[in-house]
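[1] Predicted model follows, preceded by the sequence.
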Amino acid sequence: MCGIVGYVGKKNAVQVVMQGLSRLEYRGYDSAGIAFLPNVGHATHLQKYQGQLSVLQNHIRELDPTAIMAIGHTRWATHGVPSDANAHPHKYGRVQVVHNGIIENYAHIKNQLLAEGHHFSSETDTEVIAHLIDQQLSLNKNPLDALRTVADILRGAYSLAISLDGDPHKLYFAKLRSPLLLGRSHDGVFIASDEFALVDFGPQVAELVDGDFGYISEDEVEIFSLVEKTTALRKLSWQPLRAVADQVSKGSFKHFMHKEIFEQPEAIKRALAGRVGDGKINLPGLGLDFSKAQVKRIHIVACGSAYYAGLVAKTDLEAMLKISVDVEIASEYRYRQTLTDEHTLVIAISQSGETADTLAAIEKALSLNASCMSICNVVGSAIWRKCEGSVGNLSLNAGPEISVASTKAFTSQIVVAKLLALALAKHLGGLSADEEVSKVRALLSLPHKITDLLGSDNMVRLLASNFIDHPKMLYIGRGDLYPIAYEGALKMKELAYIFAEGYPAGELKHGPIATVDSDMPVVVLFGNDDLMAKTLSNLSEVKARGAKIISIAPMNAELVQEDSDFFIGLDEVDPFVASLMSAVIVQLLAYHLCDLKGLDVDKPRNLAKSVTVE
Ligand code: AGP
């Protein structure tokens, strides 16, 4: 995901913006740039380069600049390859602009501008914004009217930070379907796409909402709404910054991902806090309003790991509520004819709360009068805000997840979805007291069980060292464990860049077993349930074809251990939470293989932490 940082004030604006951009590196990018104004009356300097932030830093260091204003950007390429020319900021005439999102009608706009004699220096959609604003300024419009006109023309999603030559004290902004916030402190004002960019400056922050546009200076903020079509100034709600520096530091860990894997016991405790008590579900603690929801069916919409968490949730929701639950890939759900209606509860699962496809899926569900809620890690995110007016939101409370590969958010999504299933069952009257107590007890046992399990860390690293040169892996499991097989394969793809596939174990004989040979390690996931024997047969099938077997199974599964080349034993847990134990091991396996291969653990190639483009 791209990152935006802007600053005007008494500090050195270049240092502030570069520090802010460094805090956003974890989200993934392929180029970076900055436009800065050394002082009033000076010309704006612009430096932008493909590559890591350090490339830009090295060029800037030579200038050793001081500046009163700056806007900076880390770009994750959408329109146009990663290159110096396509990096932001984009400048035209008096206008410098940085942009997150996609301008869907940029081609039409660009053709119109070309026909009017404009020349472009990049392949990006963003550059048309600079041309349009400068064009409006040339019509003697004041900057706000120019910005309003241009924002009205643009279609798609954008968060913009803009600086204007000759306007040295103001940062202009506009926001539609892409996160953007303002910050203010005693020595300056900020614009940022993510509050972590500001964690070193600790300002008060105010989230912008769709349709907001205006400017901020050290003395004032003027903010209007395109959506509300009003000329009245919109009041902002300033809050203390939630992010704190230690949350975004690796501590004693080599990588954020390793730290976040080890944070899972604490994250699960936070997911449960206030929501269970005396061995029971604390309905008011969930803060959800089901009074308006006539739930006849449930649709879960999500992407990636969150989708796999939804597959685990489906089993619990259907078993406890006795209604149908469909788990939908958000990028498919949003475009097809669905059975969503006023009797449907749509649950968005999302760590970031900004995933474009999941956001669009929720907007579609709301337009179909469904009752909507989210299971989300970022309070105030776009998805969070969309659901506030409907059933509400369940926060993961997992704390910031910095590493691109989701770990603690994934297990917290599963835990919170299980809490939701118990709460809905209790609300609808289908949960016996004994079942409630046993399942809550199982959830409460997880932090301790996972803490013990993390003691396998070194053993998993040693195991991973056997597979450094394997180009492929297969993960299989049954019941609640086949979604974990999917997740394990996804982790291996996104971290070790090898082709890994997850499959329901029973599906092997319908094709995938043809790929199994002595060069295919197979990770077999076992729960302590009546599916163990079936899964053991699947283990034998792939072993007979030469596969190396890595089994992740209950400690006492002796037959499994005998038939496996590598065996990771799990402490016994209630089947209700078995999926989470296996999830931790597949996370560690992918982490260590990635690290052993010398790859970039926290910022895997081609990936972004939050996919806000479609
Ligand atoms: C998980 O490791 C991936 N980074 C990715 O699949 C992620 O789960 C997906 O993009 C959904 O993100 P969200 O939870 O922020 O919506």
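    The structure has been received and is ready for your questions.
[2] touching the ligand at all, stretch 401-411?
    Yes: Stretch 401-411 lies within reach of the ligand by Cβ under 6 Å from any ligand atom, at 404-406. C-beta: built from backbone N, CA, C; applies to glycine.
[3] Out of those, which is nearest to residue 74?
    Closest to residue 74 out of these is residue 404 (13.4 Å), distances taken as Cβ to Cβ.
[4] hmm, stretch 171-183 touching the ligand?
    No: judged by Cβ under 6 Å from any ligand atom, stretch 171-183 and the ligand are separated, with a smallest distance of 11.8 Å.
[5] and this structure, which residues reach the ligand?
    303-306, 350-352, 355, 358, 404-406, 494, 610-611.
[6] repeat that for 5 Å
    Residues of the chain found near the ligand (Cβ under 5 Å from any ligand atom) are 303-306, 350-352, 355, 405-406, 611.
[7] need the helix or strand of the protein with the lowest average pLDDT.
    helix 283-286 (a mean of 82; mean pLDDT, DSSP states H and E).
[8] Give me the helices and strands touching that helix, please.
    Helices and strands touching helix 283-286, by 3 or more Cβ pairs under 8 Å, 6 or more residues apart in numbering; DSSP states H and E, are helix 408-428.
[9] what's the following helix or strand after the helix it packs on?
    For helix 408-428, the following helix or strand on the C-terminal side (DSSP states H and E) is helix 433-453.
[10] Mind listing what's buried along the helix or strand that that following helix is followed by?
    Downstream of helix 433-453, the next assigned helix or strand under DSSP H and E is helix 457-464. Residues of helix 457-464 classed as buried by neighbour count (16 or more other Cβ atoms under 10 Å): 457, 460-461, 463-464.
[11] Let's have these in CSV, adding distance to residue 253 and pLDDT.
    Below are the buried residues of helix 457-464 laid out as CSV (distance: Cβ to Cβ, whole Å; pLDDT from 0 to 100):
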residue, distance to residue 253, pLDDT
457, 11, 97
460, 15, 97
461, 14, 98
463, 20, 97
464, 17, 97
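[12] what's the pLDDT at whichever residue of the chain sits closest to the ligand?
    Here the residue of the chain nearest the ligand is residue 304; by Cβ to the nearest ligand atom that distance is 1.9 Å. In this prediction, residue 304 carries a pLDDT score of 97.
[13] Could you do residue 178 as well?
    If you check residue 178, the pLDDT there is 86.
[14] Once you drop chain neighbours, what's closest to residue 228?
    residue 211 (6.7 Å; Cβ to Cβ, 6 or more residues apart in numbering).
[15] Could you do residue 264 as well?
    Of all residues not flanking residue 264 in the chain, residue 408 sits nearest, at 4.9 Å (Cβ to Cβ, 6+ apart).
[16] surely the one you found meets residue 261?
    Yes: in this structure, residue 408 is within contact of residue 261 by Cβ atoms under 8 Å, at 7.2 Å.
[17] So for the two, which sits in the more crowded spot?
    Between residue 408 and residue 261, counting by other Cβ atoms under 10 Å, residue 408 is the more crowded of the two (30 against 24).
[18] for that one, what are its contacts?
    Residue 408 is in contact with 260-261, 263-264, 267, 398-399, 401, counting by Cβ atoms under 8 Å, 6 or more residues apart in numbering.
[19] Skipping its backbone neighbours, what lies nearest residue 311 in space?
    Nearest-residue entry for residue 311: residue 483, 3.8 Å, with adjacent residues in sequence omitted and distances by Cβ to Cβ, 6+ apart.
[20] Oops, could you answer that again for residue 518 instead?
    Among residues not flanking residue 518 along the chain, residue 546 sits closest, at 3.6 Å (Cβ to Cβ, 6+ apart).
[21] so the one you found, which of the three states?
    Of the three states, residue 546 takes coil under DSSP: H, G, I helix; E, B strand; the rest coil.
[22] mind listing what it touches?
    Residues near residue 546 by Cβ under 8 Å, 6+ apart: 516-518, 520.
[23] got it, and residue 443?
    So residue 443 contacts 268, 272, 276, 415, 418-419, 576-577 (Cβ under 8 Å, 6+ apart).
[24] go on, residue 479?
    Residues in contact with residue 479 (Cβ under 8 Å, 6+ apart) are 315, 527, 529, 531.
[25] any chance you could map the helices in the stretch 451-600 of the chain?
    Taking DSSP state H, counting those that start in this stretch as the test, the helices found in the stretch 451-600 of the chain are 457-464, 482-496, 532-543, 558-563, 578-596.
[26] Indicate which one of the ones you listed is closest to residue 37.
    Residue 37 sits nearest to helix 482-496 of all the helices of the stretch 451-600 of the chain, at 39.5 Å, using Cβ to Cβ.
[27] so what does that closest one touch, helix or strand wise?
    Helix 482-496 packs on helix 304-321, strand 472-477, strand 499-504, strand 522-525, helix 578-596, going by 3+ Cβ pairs under 8 Å, 6+ apart.
[28] Could you dump those into a markdown table and include mean neighbour count?
    Formatted as a markdown table, those follow (neighbours: other Cβ atoms under 10 Å):
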| stretch | mean neighbour count |
| --- | --- |
| helix 304-321 | 23 |
| strand 472-477 | 26 |
| strand 499-504 | 20 |
| strand 522-525 | 28 |
| helix 578-596 | 26 |
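[29] any weak-confidence spans in the stretch 101-250 of the chain?
    Where the stretch 101-250 of the chain drops to pLDDT under 70, the residues are 229-232, 245-246.
[30] now do 90
    For the stretch 101-250 of the chain, the stretches flagged by pLDDT under 90 are 101-102, 156-157, 177-179, 194-196, 202, 210, 219-220, 225-237, 240-250.
[31] what's in contact with stretch 421-434?
    Under Cβ under 8 Å, 6+ apart, the answer for stretch 421-434 is 275, 281, 283, 286, 288, 290, 295, 313, 316-317, 319-322, 436, 439-440.
[32] repeat that with 7 Å
    With Cβ atoms under 7 Å, 6 or more residues apart in numbering as the test, stretch 421-434 has contacts from 281, 283, 286, 290, 313, 316-317, 320-322, 436, 439.
[33] Now for those residues: which two are most distant?
    286 and 322 (20.4 Å).
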